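Peer 1: model this:
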Amino acid sequence: MAVEKVFLTTEWTHLAMLNFVVEPKILLPHVPAGTKLDTFEGLTFVSMVGFQYQRTRVLGLPVPFHRNFVEVNLRFYVRRLADEGWRRGVVFLKEIVALPAVAWVARRFYDENFCVHPMRYAIDTSDGNPSAVCGACYEWKFQGQWQQLDVQSVGQPHDTTPGSEANFIVEHYWGYTRRRDGSTSEYRVEHPPWRVWTVSASQFQCDVARLYGPEFAQPLSVAPHSALLAEGSKVVVRSGRKLVV
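Peer 2: Model (predicted):
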């Protein structure tokens, strides 16, 4: 398999994840050609994810004022059968950032559905110790109202158990995008396995119907099936390639 060139290097940290069960029919119109919905124990998930980018470089170059920022996205899970077996990946329904240039690059090179809104965040630490994380809160302003994704954690970060729901959610190493012409782009995301904190409480406030569509309003209005706070790591995102399907 040919190795694609590196497009972006960064660190993704403090990934707050709320995972909701949805009916497959809601997601089927968004599944890129050549992939199929991935499930865990027969359940189909979408995840609301908030996280930080740190020390970001594009094509090896630091971009002034665009190295450290936050993103909130709504994503779901797919897989594709390749020569070596199944590749498990994610598809982004919408990604929110506060920097117009970041959104432009993602739309231009990946056809990702980025939008720009004011954002703020807070990482809670124990007694001011930056290594003792006990929660993460991400907020974005939509139509004049602040929306919120918040998780509170307990204990120390730990490895996910193979075969667990947490492992299914965090261990994806491919991204898939349905391009405007109906084709599919595939790109590799490289990072070590992530450790996670146990989440004791979570909160999600969002005008889902207007931001993501009315079909997502009911599934995202109930308590999440699970919640995670992942430690994150250094990440390499490789350039995408068009699939022949």
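Peer 1: which stretches of this protein have low pLDDT?
Peer 2: 1-2, 64-65, 126-131 (pLDDT under 70).
Peer 1: Would you tell me what the next helix or strand after the longest helix seen in it is?
Peer 2: Secondary structure of the chain read by DSSP state H shows that its longest helix is helix 100-110. From helix 100-110 onward toward the C-terminus, using DSSP states H and E, the following helix or strand is strand 114-116.
Peer 1: Direction included, what does that following strand pair against?
Peer 2: Counting by DSSP bridges, the strands paired with strand 114-116 are strand 85-97 (parallel).
Peer 1: For the partner strand, buried residues please.
Peer 2: When burial is assessed from 16 or more other CB atoms under 10 Å, strand 85-97 yields the following buried residues: 87, 89, 90, 91, 92, 94, 95, 96, 97. (C-beta placed from N, C-alpha, C; glycine too.)
Peer 1: tell me which of those is nearest to residue 226?
Peer 2: Within those, proximity to residue 226 (CB to CB) peaks at residue 90, which comes in at 16.2 Å.
Peer 1: one step back: from the middle of its chain, how far away would the longest helix of the chain be?
Peer 2: Once both centres are worked out by CA atoms, centre = their mean, to the nearest Å, helix 100-110 turns out to sit 16 Å from its chain's centre.
Peer 1: Could you list every helix and strand that that helix packs against?
Peer 2: Using 3 or more CB pairs under 8 Å, 6 or more residues apart in numbering; DSSP states H and E, the elements in contact with helix 100-110 are strand 85-97, strand 114-116.
Peer 1: That one to strand 85-97, inter-axis angle?
Peer 2: 150 degrees (axes from the mean of the first three to the mean of the last three CA atoms, to 10 degrees).
Peer 1: buried residues in helix 100-110?
Peer 2: Those buried within helix 100-110 under the rule 16+ other CB under 10 Å are 102, 103, 105, 106, 110.
Peer 1: got a markdown table for these, with distance to residue 73 too?
Peer 2: As requested, these are arranged in a markdown table below (distance: CB to CB, whole Å):
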| residue | distance to residue 73 |
| --- | --- |
| 102 | 12 |
| 103 | 12 |
| 105 | 15 |
| 106 | 11 |
| 110 | 13 |
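Peer 1: for the residues you listed, which one is nearest residue 173?
Peer 2: Closest to residue 173 out of the buried residues of helix 100-110 is residue 110 (16.3 Å), distances taken as CB to CB.
Peer 1: I figured the closest one was touching residue 239, is that so?
Peer 2: No. Using CB atoms under 8 Å, residue 110 and residue 239 do not qualify as a contacting pair, with a distance of 9.3 Å.
Peer 1: Quickly list what's touching both of these two.
Peer 2: When contacts are counted by CB atoms under 8 Å, 6 or more residues apart in numbering, residue 110 and residue 239 have residue 187 as shared neighbours.
Peer 1: how close does residue 26 sit to residue 35?
Peer 2: Remark: distance between residue 26 and residue 35 (CB to CB, to the nearest Å) = 16 Å.
Peer 1: Pick out whichever of the two has more residues nearby.
Peer 2: Between residue 26 and residue 35, counted using other CB atoms under 10 Å, residue 35 has the larger neighbour count: 22 against 16.
Peer 1: Give the phi and psi angles for that one, as a check.
Peer 2: Reported as degrees, to the nearest 10, the phi and psi values for residue 35 are phi -120, psi 170.
Peer 1: residues in contact with it?
Peer 2: Contacts for residue 35 (CB under 8 Å, 6+ apart) come out as 78, 79, 80, 89, 91, 176, 184.
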